[in-house]
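Trainee: Based on what follows, work out the 3D shape:
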Amino acid sequence: MHLYEEACGLNKMLEVKLKKAEVTIVDQVMIAAEKSQHYEDKFKARTQEHQAAMKKVAHKAQAKLDAVQVQHELDMASYREGLKSPVLISLLQARLKMAYEATVAGFECPTWTIKA
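Mentor: This is a model prediction of the structure:
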């Protein structure tokens with residue numbers, strides 16, 4: 001009988017420990033689930049922050065590229081305009097020289113208004 005009572009006492013003790021273990025396991029599962037959710041939320045927030053930062057950097061880079069392209073177009077237009085005057089002057093000087101040489105050589109054209 002004594003053995004039976006010891007076995008019953010041991011059984012009750014093991015049942016209590018098992019209940020405590022079950023409660024502990026349930027608590028640990030809940031803690032793990034909450035931590036997991038916390039880190040998932042934190043990861044999503046960080047990901048959104050990084051995506052927003054990347055978009056901001058991309059927009060800034062695009063704006064700088066657009067500004068550089070506009071400046072290049074303006075510089076090229078200015079360069080072309082700057083070339084027009086010297087080229088026109090050279091052409092007119094060449095025509096004047098040809099007209100002068102033609103009149104010196106005795107060629108006359110009625111449309112020439114240059115007098116030597």
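Trainee: can you give me the helices for the protein?
Mentor: 2-104 (DSSP state H).
Trainee: Where does pLDDT dip in it?
Mentor: Applying pLDDT under 70 to the chain picks out residues 1-2, 4, 107-116.
Trainee: ok, now with 90
Mentor: Where the chain drops to pLDDT under 90, the residues are 1-24, 26-27, 29, 35-36, 80-92, 94-116.
Trainee: Quick check, central residue of it?
Mentor: Nearest to the mean C-alpha position of the chain, by Cα atoms, centre = their mean, lies Ala58 at 2.0 Å.
Trainee: any idea how far that residue is from Gln51?
Mentor: 10 Å (Cβ to Cβ, to the nearest Å). (Glycine included, C-beta is placed from N, CA and C.)
Trainee: now do Met76
Mentor: Met76 sits at a distance of 37 Å from Gln51 (criterion: Cβ to Cβ).
Trainee: cool, and Gln37?
Mentor: 21 Å.
Trainee: How about Thr103?
Mentor: Separation of Thr103 from Gln51 (Cβ to Cβ) stands at 78 Å.
Trainee: Of those two, which one has the most company?
Mentor: In this view Thr103 and Gln51 are compared by other Cβ atoms under 10 Å, and Thr103 has more residues nearby, 15 against 10.
Trainee: circling back to that earlier point, which ones are touching the residue nearest to the centre of the chain?
Mentor: Listed by Cβ atoms under 8 Å, 6 or more residues apart in numbering, the contact set of Ala58 is empty.
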